[in-house]
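Novice: One predicted model, sequence on top.
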Amino acid sequence: MASAGEANVSVSHVEKKEKKQTPARYWKEPRGEKDGNDHEEDGGKTLHQEEPRPQTTKKRKQDESPAVGKKFISGKSDPFPGQAPIPEDRVQKFKRKDKTKKHRRQHYKLKAMITCSEEVSEMAQKQAAKFDLLLPEDAGFLEGEEEEDTCLISQEDIADAVDITAGAKYFNLKLSQFGPYRLDYSRTGRHLLLGGRRGHVACVDWLSKQLMCEINVMETVNDVKWLHSEAMYAVAQKKWLYIYDSNGIELHCIRKFNDVLRMQYLPYHFLLATASAKSFLQYLDVSVGKEVAAICTKTGRLDVMCQNPHNAIIHLGHPNGTVTLWSPNQKEALVKMLCHQGAVRSVTVDKSGIYMVTSGMDKKLKVYDIRALKPLKSYFLPAGASCLSLSHRGLLSAATGDIVQVYKDVWSTAATKPYMAHRTRGAVWGLHFCPFEDVLGVGHGDGFTSMLVPGAGEPNFDGLDANPYRSAKQRQEWEVKALLEKIQPELITLDPNELGQVDRATFEQRHKDRVEALGYDPLAQKRFIPKYKKKGRSSAGSIERRKKQVAHEDQRDIIRQTVEDKVKMEKQRNEREKKKAVLNSSRAALDRFKK
Amino acid sequence: SVLPTRHPTMQRGVTEALCTHMAGEANASPLSIPSFSYQMKVKVLSRNPDDYVRETKLDIQRVPRNYDPTLHPFELSREYTRALNATKLERVFAKPFLASLDGHRDGVNCMAKHTKSLSTFLSGSCDGEVAIMWNLTKHECVRTLQAHEGFVRGMVVRYCGTSFFTVGDDKTIKQWKMEAPGYGEEEEPLNTILGKTVFTGLDHHWQEGVFATCGQQVDIWDEQRSSPIRSFTWGVESFSSIRFNPVETEILASCASDRSIVLYDMRESAPLKKVIMTMRSNTLCWNPMEAYYFTCSNEDYNLYTYDMRYLDQPVTVHMDHVSAVLDVDYSPTGREFVSASFDKTIRIFPKDVGHSREVYHTKRMQHVICVKWSSDNKYVLSGSDEMNIRLWKAYAAEKLGVLAPRERQAINYNQKLKEKFQHHPQIRRISHHRHLPKSIYHQTKELRIMKEARRRKERNVRKHSRPGTVPVVSEKEKHVVTVVK
């Protein structure tokens, strides 16, 4: 091999340098059987292979300098040349949209603008992906022995196995007096709101187990919900909707909202959506206290409700097995889909807004893709699921009677066994994953259970969005910022990115709008009305004659134009053919000798 | 009340098994403790609050970020809301008027920027006799002097900033020292040249001791001589304004009263070429960055940006004024220019856009005769008929003074947002809304109607004549009569 000679040459050269020993680096091979310079030579070879070069054994200097990439003055080479690689899947995670296709006839300015903005967004994407590598926390997990099912591992064992602070997150509250409990976690996951059916309402800082307030409203409580922060919460009582503050003081009694059964809070819109027994879906703007919309759904009692966190659409489940999608801007349902044979018992939507999980009286649990409105998976649960809840990382919890089951990967693979299971003291009434924690809150007939579900919560929160460790000052600042960027209810649509798309209204549509705005059609042809002429020239016959003269003028124009075009095309084609014929018939140089 | 509940079927055989404790311990990983025998591996999220809360009150708060898009829903709607808020706030804070400098005893006829000092500013008035130097930071007059009898027609500061030139109706060119005369000294010009005719404009070379005047003809003067080194005429005409090109410093452009704009090369004996338009141009200004472009203010209410190389049609026609445009000046960045008009407003145009982005007016401002854009790109000065010079912000909503880094960042972010959503109807409506005096508002409307009527008539004429006899003439071509070389 030619490189052998090369190696000899360079060995003798580098040997001199070798006297000053460089400290051993972990990326270099241990210097035992092989010399450091041999190793470098290898690296050089691989580079040589990439760009085949004529063998130049004569010129030594030229060989050395570009061999191992860029060299420093000290003679060392960069062990990690170039930019640090970014994993492809992470970059993909931050991808907002595909590259726009460049049209050939686009204006050069527009082209440049698009290229520039794409470059910027690509850079942002890469930076975000790089930052993603540095996130401090990892998600939780639970793995059993090879043949052991994780669902057989009891809560006590998990609580024993993990550290004390995490273990303390498994606890039971025995509250048997005021009967089955609904619950809600605040957006930061710090605060827990419990509402007993028989009027007991309590809010707890559940991590420190500090009771913030505890009241009995002396009325049936249908549902409880935190509003934008932990300072206020809404309680749907027997007749009206009430708002309390965190000290248990009644702030408002909203009589416009009666017989509320279920509530959902849309945090970015500051809207409280309520579903009532009288089949009304109402939206309350909690920042100004105004009713934004009241929609009569005409579908009977509404006690199944959830929101799509991706686009703030409200999903309602109905006794006839349909699930309907609602926005405050439309009096009719956006989508009506028949999901179950029997009544729908519970609905939930995942964080990315792609999957909807429903359970019905037909004891089935179904997974739908709500972008395509198509069923993906269908499971049969012998007892049927009464409550459903999805966690940040996509774990599904389903309550069947008094057993809470947690499933993993419901939509990607066919789940056969639950990931975890736990039996509570009474029938489950409310189910909620705690945001940013591996905790599932279960409200049941006998109180409240906080379950440990490893791998449920998003490990890394965003401090500017929902920070569990925020101080009072930070909360105040966040509140002002959040109120400033309150999204108007008009912007609630099925596709939240519709605002960023080019409105390609067709010409007809625009024209129609214009006609509507103006009250007449500006492009319409005026009807020809013949002038009135005297001396008997405006007799009915002559008017008709004059009309006839004009009648087809416009059409004639068009016809004339098309005929002209046709003639032109014909001419061009003839010319082209003539040229071709000339080319074909043109004699070659030697043809002149033919006879 | 905390009772552990347990399902009987879920009882595990080995409950006293050893388990690895992983959560919360940074150094413990299942691989590093191989000697443990375990049944399950479990990790539950357990954050150490010390990592998320600041240590002392003197620290700044810790804000961990996670840019995962699923944690930030509705990003587009929220950005839109922010952009809308930013646009509204911009209109709230748009207070462009800063100060009025009074002291002249007649209308301000000409102004000049100091070439070296930002705070110094010169102005000359109509009743003539006065040229005033202003200190802009203090809003006060520093020095006045008796320059001419009659109008001060033009003034310009020498490129070095040590002296300035004035021309007046008394047919003289005078050179003055920038410093005030010492105690007991007479206020006297350094140099006085008596010309044959009245001078109407003046400009100084950007690098050499040469200046040019215009009047009956265009003269090039050497500072050392009392007679012009070169004179240009092209037909019988009088000139209203002359400007040296800031980059190709030997080239000049001037506006003539026979509706033409003439280009000269100082090194040649004859003018280069001229373009004749339908109406007379009043003044012109070269773009300081792309110096082959110049903009002229025209009597027909429009401004025209020309490319010096292709004079047969303007690059852009800037329309919005409702009366004759009297003066124009470019920003030092060359991206925008300001124009002064007889309709009592000044307008700011982006250099390649046909309509103005900003209009400034006050109740008391009369016909604006001259306007200048300050060299730090922050202020606009306008001199008007009613003896005042007004100081405006070039960007109406800009905050003056030193900005904190976070403030700067927020402003940049909002700027980008406004740019991103500028075409959304609600945002565009707010950002384009300007209050106009009633007269100008109605006149604009009237002009629009007239224009529409003209267009309609032309369309009808075209429709009813032989095809090809009435060609479509674009707005750019309409105003150019011919180019002469």
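Specialist: Perfect, I can see it now.

Novice: name the helices or strands packed onto the one helix or strand residue B:84 maps to?
Specialist: Using DSSP states H and E, residue B:84 falls within helix B:75-93. Contact analysis of helix B:75-93 by 3 or more CB pairs under 8 Å, 6 or more residues apart in numbering or on different chains; DSSP states H and E lists helix A:472-484, helix B:405-420, helix B:425-432 as its packing neighbours. All C-beta atoms are positioned from the backbone trio N, CA, C, and that covers glycine.

Novice: Serialize those helices to JSON lines and add fields for mean pLDDT, mean neighbour count and distance to residue A:277.
Specialist: JSON lines is the format used below for those (pLDDT from 0 to 100; neighbours: other CB atoms under 10 Å in any protein chain shown; distance: least, CB to CB, whole Å):
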{"stretch": "helix A:472-484", "mean pLDDT": "95", "mean neighbour count": "13", "distance to residue A:277": "32"}
{"stretch": "helix B:405-420", "mean pLDDT": "95", "mean neighbour count": "13", "distance to residue A:277": "44"}
{"stretch": "helix B:425-432", "mean pLDDT": "94", "mean neighbour count": "13", "distance to residue A:277": "38"}
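
Novice: any chance of those in TSV, plus distance to residue A:82?
Specialist: Converted to TSV, the helices and strands packed on helix B:75-93 look like this (distance: least, CB to CB, whole Å):
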stretch	distance to residue A:82
helix A:472-484	40
helix B:405-420	30
helix B:425-432	42
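
Novice: average pLDDT across the single longest strand found in chain A?
Specialist: For chain A, the strand reaching the highest residue count under DSSP state E is reported as strand A:250-258. Mean per-residue pLDDT for strand A:250-258: 95.

Novice: need the helix or strand of the chain with the lowest average pLDDT.
Specialist: Reading this off chain A. The weakest-scoring helix or strand in chain A, judged by mean pLDDT, DSSP states H and E, is helix A:36-50 (a mean of 40).

Novice: actually it's chain B I care about, not the one you picked
Specialist: Across the helices and strands of chain B, mean pLDDT, DSSP H and E gives its lowest value to strand B:130-135, namely a mean of 81.

Novice: For whichever helix or strand comes after that strand, which helices and strands make contact with it?
Specialist: Reading on from strand B:130-135 to the C-terminus, the next helix or strand found by DSSP H and E is strand B:140-146. The contact analysis (3+ CB pairs under 8 Å, 6+ apart) places strand B:140-146 against strand B:130-135.

Novice: Please spell out which residues along the strand it packs on are buried.
Specialist: Using 16 or more other CB atoms under 10 Å in any protein chain shown as the test for burial, strand B:130-135 gives B:130-134.

Novice: just stretch A:193-207 next, same as before
Specialist: Residues of stretch A:193-207 classed as buried under the neighbour-count rule (16+ other CB under 10 Å) are A:193-204, A:206-207.

Novice: Likewise for stretch A:349-361?
Specialist: By neighbour count, with 16+ other CB under 10 Å as the criterion, the buried positions of stretch A:349-361 are A:349-351, A:353-360.

Novice: distance of the closest residue to chain A within the stretch 251-400 of chain B from residue B:265?
Specialist: Nearest to chain A in the stretch 251-400 of chain B, going by CB to the nearest CB, is residue B:352, at a distance of 10.0 Å. Between residue B:352 and residue B:265 the distance is 27 Å, computed by CB to CB, to the nearest Å.

Novice: Equivalent analysis for residue B:178, please.
Specialist: Taking CB to CB as the measure, residue B:178 and residue B:265 are separated by 30 Å.

Novice: Same drill for the two, tell me which one is more crowded.
Specialist: For the pair residue B:178 and residue B:265, the greater number of neighbours falls to residue B:178 (18 against 15), based on other CB atoms under 10 Å in any protein chain shown.

Novice: is it true that that one touches residue B:162?
Specialist: Yes. A contact is recorded between residue B:178 and residue B:162 when judged using CB atoms under 8 Å, the distance being 5.4 Å.

Novice: Tell me, how many residues neighbour residue B:309?
Specialist: Look at residue B:309: counted by other CB under 10 Å, it has 7 neighbours.

Novice: who's in contact with the residue lying closest to it once chain neighbours are set aside?
Specialist: Nearest-residue entry for residue B:309: residue B:292, 6.1 Å, with adjacent residues in sequence omitted and distances by CB to CB, 6 or more residues apart in numbering or on different chains. Taking CB atoms under 8 Å, 6 or more residues apart in numbering or on different chains as the criterion, residue B:292 is in contact with B:307-309.

Novice: residues near residue A:238, how many?
Specialist: 14.

Novice: how does chain A divide into domains?
Specialist: A:150-491, A:521-573 (automatic domain parsing).

Novice: Identify whichever of these lies nearest to residue B:224.
Specialist: When these are compared for distance to residue B:224 using CB to CB, the nearest one is domain A:150-491, at 65.4 Å.

Novice: Quick check: end-to-end length of that closest one?
Specialist: Using CA to CA, to the nearest Å, the gap from the first to the last residue of domain A:150-491 comes to 44 Å.

Novice: Ok, stretch A:303-317 next?
Specialist: Between the opening and closing residues of stretch A:303-317 we find a distance of 7 Å, counting by CA to CA.

Novice: Stretch A:94-105 too?
Specialist: One end of stretch A:94-105 sits 31 Å from the other (CA to CA).

Novice: So which bits of it are buried?
Specialist: Neighbour-count burial for stretch A:94-105 flags residue A:94 (criterion: 16+ other CB under 10 Å).

Novice: How about stretch B:181-189?
Specialist: Residues of stretch B:181-189 classed as buried: residue B:189 (neighbour count, 16+ other CB under 10 Å).

Novice: And for it, what's in contact with it?
Specialist: Outside stretch B:181-189, the residues within contact range by CB under 8 Å, 6+ apart are B:145-146, B:174-176.

Novice: Show me the two of those that sit farthest apart.
Specialist: Taking every pair in the contacts of stretch B:181-189 and measuring CB to CB, the maximum separation is 14.9 Å, between B:146 and B:175.

Novice: out of those two, which sits in the more crowded spot?
Specialist: Set side by side, residue B:146 and residue B:175 show unequal neighbour counts under other CB under 10 Å, the larger going to residue B:175 at 16 against 10.

Novice: ok, the more buried one - contacts?
Specialist: If a contact means CB under 8 Å, 6+ apart, then residue B:175 has B:163-165, B:189-192, B:223 as its contacts.

Novice: Under a three-state scheme, what state does it occupy?
Specialist: Using DSSP: H, G, I helix; E, B strand; the rest coil, the three-state assignment for residue B:175 comes out as strand.

Novice: what bits of the chain have low per-residue confidence?
Specialist: All of this refers to chain A. A:1-71, A:506, A:595 (pLDDT under 70).

Novice: Please refer instead to chain B.
Specialist: Those would be B:1-38, B:128-130, if you go by pLDDT under 70 across chain B.

Novice: again, 50 this time
Specialist: Scanning chain B for pLDDT under 50 picks out B:1-37.
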